[in-house]
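Enquirer: Build me a model:
(2 chains, ligands or ions: 1)
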Amino acid sequence: MSKKTIFDKIWDNHLVYNIPDGPDALYIDRHYIHEVTSPQAFGGLKERGINVFRPDKTVATADHNVPTINQHLPIQEELSRVQVEKLVQNCKEHNITLYGLNHPYNGIVHVIGPELGITHPGMTIVCGDSHTSTHGAFGSIAFGIGTSEVEMVLASQCIMQPRPRTMLINIDGNLSRGVTAKDIILYIISQISTGGATGYFVEYSGEAIRSLSMEARMTICNMSIEMGARGGLIAPDDVTFEYLRQRRFAPSGEEWDRSIKTWSGLASDTDATFDKEIRFDAGQIEPMITWGTNPGMGIPVTGNIPGEDETGHNSVGSYRKALDYMGFKPGEAMAGKKVDYVFVGSCTNGRIEDLRNFARFVKGKRKARDIIAWIVPGSRQVEKQAEEEGIRSMLEEAGFEMRQPGCSACLAMNEDKIPEGKYAVSTSNRNFEGRQGPGARTLLASPLTAAAAAVTGVITDPRTLL
Amino acid sequence: MPIEKFRTLISTCVPLPVENVDTDQIIPARFLKATTRDGFGANLFRDWRYDHAGRPRKEFVLNDNRYNGEVLVAGKNFGSGSSREHAAWAIKDYGFRVVVSSFFADIFRNNALNNGLLPVQVTAGFLSLLFDRIHENAEVRVMVDLEQQKISLMDEKAGEQFEISSYKKKCLLNGYDDIDFLLSMKDRIVEWEQNQML
Ligand code: SF4
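Expert: Sure thing, here's the model as predicted:
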């Protein structure tokens, strides 16, 4: 038998049908849906006159388009309200479990799936959202899909997908103090570019990855899509099992023991070959920040913006366009630049560990006077836990407030928009032009680097304040 | 449901020589509140096309009446970022039937194909030739022949083969979609599920 990667094992386990020189029909174990990319799919089912095939395998939440204050009141903006209501109606009609607004389990889809124990190792998972790759942290094949594909899964529990190639990214060595999962992934993308993994499914391995918590692993897998990868995964281990044990919908009793047995076997065979392998040394990685308009334009927070002769993966044209949009000049130092907004949240860094790290950092310090900070928990459960652990009061003492859960300023579909021309240090995943509001200037960074900016008002190396 | 069939297309082109055009540029998130697939073309490339007061930006190619046609020619790594299919809907709704680039993001490629919008991936060399020719003469036309998997500049020998899986090609030539195919496989899917339970 040929040696298999964990990706191959899971894919082959779910292969219903293969079309020669065509895509595979892949069975999907878990389908997450939300208000923005599902209404047209339900509309399609209606036009075809069919029902959802396996409603018990789909879970819904409202997250992209919800306000982060006064969630108990009706949504003010009409189009948003209609979209959220449509989801409620569609779920009801098709018997789909919905953790809608104000439900204790509500939150960003990629935060609630893991924390409720709905995401398991070995699964195939899809959602009409590119950051579905987050769930790969559990050792699953998880990837984002378009609305036609959402309709496919609703209609048949299967999806037609060309089989991606496989890539191994190995990070050896130990991380230095003040360097987090967000810095690892921003570093990788800066090295291989935003298209560097297009066509591939990535497995992350190595000592530095093994040493990470589940929350941190999710941050890494989450941003796999930012280098073009179809998804990214990490083989499950004791850290994974400990995280899942006794979660609300995780298996229990005998089923738990059985599951652990199966999950423990989920690893790439030694000597399994990948289509591409890349190695990095964790010791090389410093706290990172982006200076441009795609997630590959990242440098150490202590670094200088590259000059015209060192644009790397970017053409001179897109380099100039990015600098022009950001209002930066070649060669400038990032540290010391003025910041207007700080956003902590999103499916990349809106989990409890992220809030803990931010709160611990700002404890005993004060929010800089001119900074507007939005601290947005990824879910109701994160919000609740933050309260129980005293994080909310720690934040308040330092002059910050915590909002209610949702995608918020990550994509600025609701009112949480960074104004034109303003600089935001953001723990989210995309710094595209206008991503956080028309004309908004986004600097991607870790919660620690965001905290350092929040208390100093300028871009700051968090290690100097630890 | 049938998608629009595609066989051959002869058209002038709209050049967008920008790399890494992400789906947030193609259709910004604030326009994703609709619950149907229609009308997204009006906001295609919204923030490049209009200023904040809603006035057309003269310098953007969609506002330049020299350039028209059903073929959008764009720089490498087109369609990266968000999985929003609204991006493919917006391009199609605006009136494009083909997007040419030297590299496409995966999800965008799938979304386009699922909507009868043909992504044609060409070499960097051919792409730059194409940009040059269009900029020399806005009337220049290309022919895209799906059957032959060929894109060529009319009135010139220059042309290239492009790749597409034979399954997707058949779907586009005949206007089939994946959902019809999966629905026709229902028995097989049920059988597969039963085997898992053994
Ligand atoms: S937090 Fe941002 S990236 Fe994550 S699901 Fe929401 S919009 Fe998408």
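Enquirer: can I see the domain layout of chain A?
Expert: Domain assignment for chain A, taken from automatic domain parsing, gives A:6-161, A:166-234+A:262-284, A:288-464.
Enquirer: can you tell if the shortest one touches chain B?
Expert: Yes: using Cβ under 8 Å from any Cβ of the partner chain, we find that domain A:166-234+A:262-284 touches chain B at A:194-195, A:198-199, A:228, A:230. All C-beta atoms are positioned from the backbone trio N, CA, C, and that covers glycine.
Enquirer: and the residue in the stretch 1-150 of chain A positioned nearest to the ligand, what is it in contact with?
Expert: Nearest residue of the stretch 1-150 of chain A to the ligand, counting by Cβ to the nearest ligand atom: A:His131, 4.4 Å away. By Cβ atoms under 8 Å, 6 or more residues apart in numbering or on different chains, the residues touching A:His131 are A:110, A:144, A:222-223, A:225, A:347-348, A:429.
Enquirer: At which residues are the strands of chain B located?
Expert: Assigned by DSSP state E, chain B shows strands spanning B:8-16, B:71-74, B:98-101, B:118-121, B:141-145, B:150-153, B:159-161.
Enquirer: Quick check: buried residues in the last one?
Expert: Neighbour counts using 16 or more other Cβ atoms under 10 Å in any protein chain shown place B:159-160 of strand B:159-161 among the buried residues.
Enquirer: Check whether the residue in the stretch 151-300 of chain A positioned nearest to the ligand sits in a helix, strand or coil.
Expert: Proximity to the ligand, evaluated over the stretch 151-300 of chain A using Cβ to the nearest ligand atom, is greatest for A:Asn222 at 7.6 Å. With DSSP: H, G, I helix; E, B strand; the rest coil as the basis, the three-state label of A:Asn222 is helix.
Enquirer: Quick check: pLDDT value at it.
Expert: pLDDT for A:Asn222: 98.
Enquirer: contacting residues around the closest residue to it other than its chain neighbours?
Expert: Spatial nearest neighbour of A:Asn222, excluding adjacent residues (Cβ to Cβ, 6 or more residues apart in numbering or on different chains): A:Thr134 at 4.2 Å. Counting by Cβ under 8 Å, 6+ apart, A:Thr134 touches A:110, A:114, A:142, A:218, A:221-222, A:347.
Enquirer: rerun that using 6 Å as the cut-off
Expert: A:110, A:218, A:221-222, A:347 (Cβ atoms under 6 Å, 6 or more residues apart in numbering or on different chains).
Enquirer: Within range of chain B, give me the residues from the stretch 351-466 of chain A.
Expert: Where the stretch 351-466 of chain A comes near chain B, counting by Cβ under 6 Å from any Cβ of the partner chain, the residues are A:411, A:413, A:432, A:434-435, A:438.
Enquirer: Disregarding residues adjacent in the polypeptide, which is nearest to B:Leu182?
Expert: Leaving aside its sequence neighbours, B:Leu182 sits nearest to A:Ser156 (Cβ to Cβ, 6+ apart; 4.0 Å).
Enquirer: I'd like to know how many residues surround that neighbour.
Expert: Counted with other Cβ atoms under 10 Å in any protein chain shown, residues neighbouring A:Ser156 total 26.
Enquirer: Tell me the confidence at it?
Expert: pLDDT, A:Ser156: 98.
Enquirer: sorry, back to before: same list, the residues of the stretch 351-466 of chain A next to chain B, but as TSV with distance to the ligand, neighbour count and pLDDT please.
Expert: As requested, those are exported to TSV (distance: Cβ to the nearest ligand atom, whole Å; neighbours: other Cβ atoms under 10 Å in any protein chain shown; pLDDT from 0 to 100):
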residue	distance to the ligand	neighbour count	pLDDT
A:Leu411	4	27	94
A:Met413	8	27	91
A:Phe432	11	23	96
A:Gly434	14	25	95
A:Arg435	9	27	96
A:Pro438	17	19	94
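Enquirer: Quick check: the two most widely separated of the residues you listed?
Expert: Spanning the widest gap among these are A:Met413 and A:Phe432, at 14.0 Å by Cβ to Cβ.
Enquirer: still on that earlier bit, tell me the secondary structure of the residue of the stretch 1-150 of chain A closest to the ligand, please.
Expert: helix.
Enquirer: Repeat that for A:Asn429.
Expert: With three-state DSSP as the criterion, A:Asn429 was assigned coil.
Enquirer: Can you name the residues that contact it?
Expert: Contacts for A:Asn429 (Cβ under 6 Å, 6+ apart) come out as A:223, A:348.
Enquirer: Now it: phi and psi?
Expert: Torsion angles at A:Asn429 (phi, psi; degrees, to the nearest 10) stand at phi -120, psi -10.
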